[in-house]
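> Sequence first, then the predicted structure, then my questions.
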Amino acid sequence: MTAGQIYMLLGLLSFSLLGVLHKVADVKRSRPSAITALLYVWSLVLVLGFVLLRTESGAAAPAAVVTVALPFGVCAAVAILAFQAGVKHGNIATSWLAINLSSGIPTVASILVYNEQLTLVKAIALSLIPVSMFLLWKDKKEAEHGARS
Amino acid sequence: MSSTASSTTSGSRAAAEERDSSVWLRLMLIAFLANGIGPFGLKVLTERGFGDAFQAQYLLYWYCGGLVFAVAALLKSGLKPTAREIGLGALMGACSLFGQAFTGLALSHGVPGHVAFPLTTGGSLFLVAAAGLLLFKERVGPYGIAGIVLGIVALVALSVA
């Protein structure tokens, strides 16, 4: 196994553990706002350490970088807060997929904003996303109906 | 017996009320949209010519923006974090960062993007779904299984495209 493959495997395990921890946080009745805030505190501490120790320019960055980063960072925090709050109303198996399906949005945005080419594979993949979301919601609806009857 | 049955029924009703599919859908759509917009900043940055030189600094301010929002939400709730939440937050923050860092390292060590992205995305979806079913005893019906399979196919196809 090459170093690259080992890193890829570690990346896969890290992302998977993150998904499982979202569920653990829900099972342990941790509050979504606390989990989101602390996730950001620790991530920021780690990134700050990396930036200060491993980069030449440190935390200094052009204003354009900061003005782009801040609002998009807020969007990501909104996502984590909504996701953590939503997990208690559904399964992690389906919720994790729902949030990961959002990979389609940057693809659509790149096509619309930067005129990137829409290939057949991309078009098929993008059209499968709403179908998948509908099926996940339908599954939840069925489970809820079954629990009530 | 009847009181047990009654409490079980009321318990499952309470669970059903707590696990509301319309609330789940609303929150997941917010998470879906916001999570999709979040990483697009990196594309904007690259198009403006800052992509390579300031990627680490971008990530620093990206997390700053998120932290400001998250702390505001925490203050609004008026609650102090517990020791368990602090520990879980630390683990989750580390997983989020290490996931990105290891994927980046895999790419820089010669693993092509069309291999690394489908494997990390599709693989993590599979592992988390398996953990949900096996560790947390979640039940997923035929619609859910079809949705998971279609979703994994869509994400792997997007990574390859």
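Nice, thanks for sending it over.
> ok, and does the lengthiest helix in chain B reach over to chain A?
If you go by DSSP state H, chain B has its longest helix at helix B:83-108. Yes: Helix B:83-108 lies within reach of chain A by C-beta under 8 Å from any C-beta of the partner chain, at B:84-86, B:88-103, B:105-107. Every C-beta, even on glycine, is put in place using the N, C-alpha and C of the backbone.
> Return the members of these classed as buried.
Among these, the ones that count as buried by 16 or more other C-beta atoms under 10 Å in any protein chain shown are B:85-86, B:88-103, B:105-107.
> and the longest helix along chain A, what other elements does it pack with?
As assigned by DSSP H, the longest helix anywhere in chain A is helix A:120-148. Under the contact definition 3 or more C-beta pairs under 8 Å, 6 or more residues apart in numbering or on different chains; DSSP states H and E, helix A:120-148 sits against helix A:92-100, helix A:104-114, helix B:2-18, helix B:21-37, helix B:142-160.
> Could you look up the SS state of residue A:29?
Of the three states, residue A:29 takes coil under DSSP: H, G, I helix; E, B strand; the rest coil.
> and residue A:41, what helix or strand is that in?
Secondary structure assignment for residue A:41, by DSSP states H and E: helix A:32-54.
> which of the residues in that helix are buried?
A:32-44, A:46-47, A:51.
> likewise stretch A:134-147?
A:135, A:136, A:137, A:138, A:139, A:140, A:141, A:143, A:144.
> How far away from the center of its chain is that stretch?
Going by C-alpha atoms, centre = their mean, to the nearest Å, the spacing between the C-alpha centre of stretch A:134-147 and its chain's C-alpha centre is 23 Å.
> for chain B, what are the low-confidence residue spans?
Scanning chain B with the threshold set as pLDDT under 70 gives B:1-19, B:51.
> and which of the buried residues of helix A:32-54 is nearest to chain B?
Distance ranking of the buried residues of helix A:32-54 against chain B, using C-beta to the nearest C-beta, places residue A:38 first at 2.4 Å.
> which residues touch that closest one?
B:81, B:85, B:86, B:88, B:89, B:90, B:92, B:93 (C-beta atoms under 8 Å, 6 or more residues apart in numbering or on different chains).
> Closest to residue A:26 out of those residues?
Of all the contacts of residue A:38, residue A:26 sits closest to residue B:88, with 10.3 Å by C-beta to C-beta.
> dump the residue contacts of the nearest residue to that closest one once chain neighbours are set aside.
Nearest residue to residue B:88, sequence neighbours excluded (C-beta to C-beta, 6 or more residues apart in numbering or on different chains): residue A:25, at 5.1 Å. By C-beta under 8 Å, 6+ apart, the contact list for residue A:25 reads A:35, A:84, A:87, B:85, B:88, B:92.
> farthest pair in those?
Of all pairs in these, the most separated under C-beta to C-beta is A:87 and B:85 at 14.7 Å.
> Residue B:107 against residue B:116, yeah?
Yes: proximity of residue B:107 to residue B:116 meets the contact threshold set by C-beta atoms under 8 Å, at 5.7 Å.
> Can you measure across stretch A:24-33, start residue to end residue?
15 Å (C-alpha to C-alpha, to the nearest Å).
> touching chain B at all, stretch A:72-80?
Yes: with C-beta under 8 Å from any C-beta as the criterion, chain B is reached by stretch A:72-80 at A:72, A:73, A:74, A:75, A:76, A:77, A:78, A:79, A:80.
> Residue B:99 - nearest residue in space that isn't next to it in sequence?
Counting by C-beta to C-beta, 6+ apart, residue B:99 lies nearest to residue A:14, which is 3.6 Å off, once chain neighbours are set aside.
> Compute the number of surrounding residues for the one you found.
The number of residues packed near residue A:14 is 21, by other C-beta atoms under 10 Å in any protein chain shown.
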